[in-house]
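In: Show me the folded form of this:
(chains A and B)
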Amino acid sequence: MKLSFFTLSVALRHLRYGVGQSLLTIGVVAISVLLIVYLRTTIGGTQRSIVGNVTGSIPHIVLEPAERTPVGAWRLPAGPGAPLYVGETVNLPRGIDSIDDWRQWLPALEADPEITVVSPVATGNAFLFRGARRESVRATGVLAERHDRIVSVEENLLEGNFLQMVTGDVVIGTRLARDFGIRMRDKLRLIGPGGQALSVTVAGIYETGSGQLDDGQVFLTLRDAQSLLELGSAISSIGVRIRDFYQAEVTARALAVSMPFRARSWIEDNPNVFRTLGAQDQTINMVLISTIVAAGFGIASILIMSVTGKYREIGILKAMGATPVEIQSIFVVEGFLLALLGCAVGIPAGIGMLEMLSNVRAPGPGGRLTPVFNIQIDPWLLAGAAGVAITVGVVAAFFPARRAGGIDPMQVIRGS
Amino acid sequence: MQRTGNGPPVIELAGVSKTYVSAGVETPVLFDVSFRVNCGEFVAIVGGSGSGKTTLLNIMGLLDRPSAGKVHIAGDEVGNLDELGRAGMRRDRLGFIFQFHYLLPEFDVLENALMPCRIKGPAFQAGQERRMRDLLDLVGLGDKLKNRPAQLSGGQQQRVAVVRSLANNPALVLADEPTGNLDTRSGRVVFDLMRTLARESGTTFVMVTHDDDFALEADRVIRIRDGRIEDSARTIQP
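Out: Sure, this is the predicted structure:
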């Protein structure tokens, strides 16, 4: 490849002279780039929304008490030189597994650069009483400020508050409130699995749009939940939010190795969501690869036609001293410029379409107008789309360019 | 400008032979050809169809390699040059005129004439532009500098090709039947221009032609027959 005044000026003139063909090819490349930017962004946004909806109401990773699997004494290494094991016979309690020493693990979890939020949770089934009516609910005790960064309750409140929740307060979902005819400041009674009773006041009603959360969930303070569920100072799990929720499996595995917990990722709990998203990704990638290959063929075909049509001119240029590399460079530069101009048209067009799409709004939960599409234009995607298109342009140009470089001027002069 | 037919040799061929091999069949075309062309000479190579004159010109123009023998251009032996070296030699020392003009349709008349300079680089092109404008003016195309080749007649296109052959200040211009594709009148105009430009610039010309009238107006005629030089005679100029 040799870039010079000669190769650049001849390549530019070829493109300008065949402006109709050039514009068509630029159009094909532009559409390919536009499709990459548009589809990847909208599909990516939709996937983020789906995953966001799934993970919006649950932690990315839940750390639970590790399952204790006893090892038979006969399995321990024995014989001369083997370590000596000392133990005692204990009866493992059945019931709610809990994490007693959770406070000592919090600093280590918070220091992990991948982890953004750590929230201790005491959760268990309970009955909610209002007068004679009874409903089975999930009582979840949290430190409100921490947990709100995992499940957005505060911003979805219809009434009251969540972050200022104190002992004796509960915050409930709108469906539960509606079904039970509960209003703000109503007095309720919760009965835990061990019969422990707790009188509470409704301090907030929220609507997240997630049925699971809006229907059977009752939030209360961590201390109240520990009391209701008879956990003492223990908790039942630690909720974790991480930077990249797609990395939940990897982070969960790492945590399970370094800490005495069972780490369950949201992906493990929702395998179908992840599989569906993966299949969607593959389909979109196939479409995009086909589009970009079609653009490559477009560039290759225009340059093959160009080389065939300019057989004599190429011959005379070589007779005048142009080297094979210079001749090849002319056509590679043409492929590069066609792809570059295609990107220059396709990327702004893609951004424009996405901007228009991001302004489309519709009523969401609570009647608020929210964007229909989750559009986040990623500069790396734009750079990647341009990179792919330009690489395809140059590769597509390479074969006609090689043919041009190999033209024998003597054959041209002979007229054959 | 002077005409220096007795100057140092611009090109010298010694024992040059050429045999083409195709599908195992050998076809000898040139046999032990030796001659030299001195600086400033205007030489015509004549011969019948298939006599080997175009092959000879291709070897002189480094577009083809001899099977045997040596070729010296401006004192340098060119047999050992690789493709890049041969391209460099063509770019710096040689000019070409072919039967067909082969002008580039995307470029105007002046740009076409400057094409060998464009290959050499922008600085060289800038230095030659004035001279090429003057030469195009001299051949009667001063008012058509911005025209595209398609807007010119066949004779005018070949005149541009003649001017183009001088763009890189070559030591030697090789012309292969430059009037062969033109009518008699246009052919005469182009030939006269070549003679004039050769005389004006002092450039050495070797022209392959089958037109005896033009050949007789050259300084010297090399007659070639069946791949061998039959006669190399100095003509008597009027």
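
In: For the rest of this, base every contact and every neighbour count on C-alpha atoms.
Out: Fine.

In: hey, what's B:Val25 bridged with?
Out: Using DSSP bridges, the bridge partners assigned to B:Val25 are B:Ser22.

In: What count of nearby residues applies to the closest residue in space to B:Phe214 that isn't next to it in sequence?
Out: Once flanking residues are discounted, B:Phe214 sits nearest to B:Phe191: 7.3 Å by Cα to Cα, 6 or more residues apart in numbering or on different chains. Other residues near B:Phe191 come to 19 when the count uses other Cα atoms under 10 Å in any protein chain shown.

In: can you pull the contacts of B:Phe191?
Out: B:Pro178, B:Thr179, B:Phe214 (Cα atoms under 8 Å, 6 or more residues apart in numbering or on different chains).

In: Give me the secondary structure label for it.
Out: Secondary structure, DSSP: H, G, I helix; E, B strand; the rest coil: B:Phe191 is helix.

In: From B:Leu166, how far off is it?
Out: To B:Leu166, B:Phe191 is 15 Å away according to Cα to Cα, to the nearest Å.

In: Would you pull up the residue in the stretch 251-400 of chain A closest to chain B?
Out: Residue nearest to chain B within the stretch 251-400 of chain A: A:Gly321 (4.0 Å; Cα to the nearest Cα).

In: For that residue, give me its contacts.
Out: Neighbouring residues of A:Gly321 by Cα under 8 Å, 6+ apart: B:Arg86, B:Ala87, B:Gly88, B:Met89, B:Arg90, B:Arg91, B:Asp92, B:Pro116, B:Ile119.

In: export those to CSV and tack on secondary structure, distance to chain A and neighbour count?
Out: CSV is the format used below for those (DSSP: H, G, I helix; E, B strand; the rest coil; distance: Cα to the nearest Cα, whole Å; neighbours: other Cα atoms under 10 Å in any protein chain shown):
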residue, secondary structure, distance to chain A, neighbour count
B:Arg86, helix, 8, 21
B:Ala87, helix, 4, 21
B:Gly88, helix, 6, 18
B:Met89, helix, 7, 19
B:Arg90, helix, 5, 24
B:Arg91, helix, 4, 24
B:Asp92, helix, 8, 19
B:Pro116, helix, 6, 28
B:Ile119, helix, 5, 25
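
In: Out of those residues, flag the one nearest to A:Leu354.
Out: B:Ile119 (45.5 Å; Cα to Cα).

In: Longest strand in chain A, please.
Out: When chain A is parsed with DSSP state E, its longest strand is strand A:115-130.

In: what's stretch A:55-64 in contact with?
Out: Against stretch A:55-64 from outside (Cα under 8 Å, 6+ apart): A:98-99, A:150-152, A:210, A:213, A:236-242, A:245, A:248, A:252, A:261-266.

In: Now the buried members of these.
Out: A:98-99, A:150-152, A:213, A:236-242, A:245, A:248, A:252, A:261-266 (16 or more other Cα atoms under 10 Å in any protein chain shown).

In: Narrow those residues to those in helices?
Out: Per DSSP state H, helices hold the following members of the buried ones among the contacts of stretch A:55-64: A:Leu213, A:Ala248, A:Ala252, A:Trp266.

In: Next, the contact list for the last one, please.
Out: For A:Trp266, the contacting residues are A:Thr55, A:Ile58, A:Pro59, A:His60, A:Ile61, A:Ala248, taking Cα under 8 Å, 6+ apart as the criterion.

In: Pick out the most distant pair among those residues.
Out: Pairwise distances across those peak at 12.5 Å for A:Ile58 and A:Ala248 (criterion: Cα to Cα).

In: And stretch A:298-308, how far out from the chain middle?
Out: Mean-position distance between stretch A:298-308 and its chain equals 40 Å (Cα atoms, centre = their mean, to the nearest Å).

In: Please list the outside residues in contact with that stretch.
Out: By Cα under 8 Å, 6+ apart, stretch A:298-308 touches A:21-22, A:25, A:28, A:331, A:334-335, A:338, A:393, A:396-397, A:399-401, A:403-404.

In: tell me which of those is nearest to A:Ile115?
Out: A:Gly393 (41.7 Å).

In: In which helix or strand does that closest one reside?
Out: Assigned by DSSP states H and E, A:Gly393 belongs to helix A:379-405.

In: starting at the chain centroid, how far to that helix?
Out: 29 Å.

In: That helix - contacts with which helices or strands?
Out: Contacts defined by 3 or more Cα pairs under 8 Å, 6 or more residues apart in numbering or on different chains; DSSP states H and E place helix A:379-405 against helix A:19-56, helix A:271-309, helix A:324-358.

In: check contacts around A:Pro77.
Out: Per Cα under 8 Å, 6+ apart, neighbours of A:Pro77: A:Pro83.

In: And what about it, helix, strand or coil?
Out: coil.

In: For it, what are phi and psi?
Out: phi -60, psi 140 (degrees, to the nearest 10).

In: now it: how far from A:Arg243?
Out: Taken as Cα to Cα, the span from A:Pro77 to A:Arg243 is 43 Å.

In: B:Lys53 too?
Out: Where A:Arg243 is concerned, B:Lys53 sits at a distance of 79 Å (Cα to Cα).

In: now A:Asp378
Out: 17 Å.

In: B:Gly187 too?
Out: 81 Å.

In: Give me the more crowded residue out of those two.
Out: Applying other Cα under 10 Å to B:Gly187 and A:Arg243 shows that B:Gly187 carries more neighbours, namely 20 against 13.

In: Please list all residues in contact with that one.
Out: By Cα under 8 Å, 6+ apart, the neighbours of B:Gly187 are B:Gly155, B:Pro178, B:Thr179, B:Gly180.

In: Check A:Met259 too.
Out: Not one residue lies near A:Met259 by Cα under 8 Å, 6+ apart.

In: Ok, A:Asn161 next?
Out: For A:Asn161, the contact set (Cα under 8 Å, 6+ apart) comprises A:Glu154, A:Val171, A:Ala203, A:Gly204, A:Ile205.

In: What is the nearest of those to chain B?
Out: Nearest to chain B among the contacts of A:Asn161, with distances taken as Cα to the nearest Cα, is A:Glu154, at 68.6 Å.

In: Could you report the separation of the residue nearest to the closest one when sequence neighbours are not counted from A:Gly195?
Out: Leaving out its chain neighbours, the residue that sits closest to A:Glu154 by Cα to Cα, 6+ apart is A:Phe162, at 5.4 Å. Per Cα to Cα, A:Phe162 is found 26 Å from A:Gly195.

In: So which of those two has more stuff around it?
Out: A:Phe162 (27 against 13).

In: which of the helices and strands packed on helix A:379-405 is buried the deepest?
Out: The highest average neighbour count among the helices and strands packed on helix A:379-405, using mean count of other Cα atoms under 10 Å in any protein chain shown, belongs to helix A:324-358 at a mean of 22.

In: can you give me the mean pLDDT across that helix?
Out: Across helix A:324-358, the average pLDDT comes to 93.

In: for stretch A:75-83, same thing?
Out: Mean predicted lDDT for stretch A:75-83 stands at 75.

In: again with stretch A:101-109
Out: 90.

In: which stretches of the stretch 51-200 of chain A form helices?
Out: A:102-111, A:144-147, A:174-180 (DSSP state H, counting those that start in this stretch).
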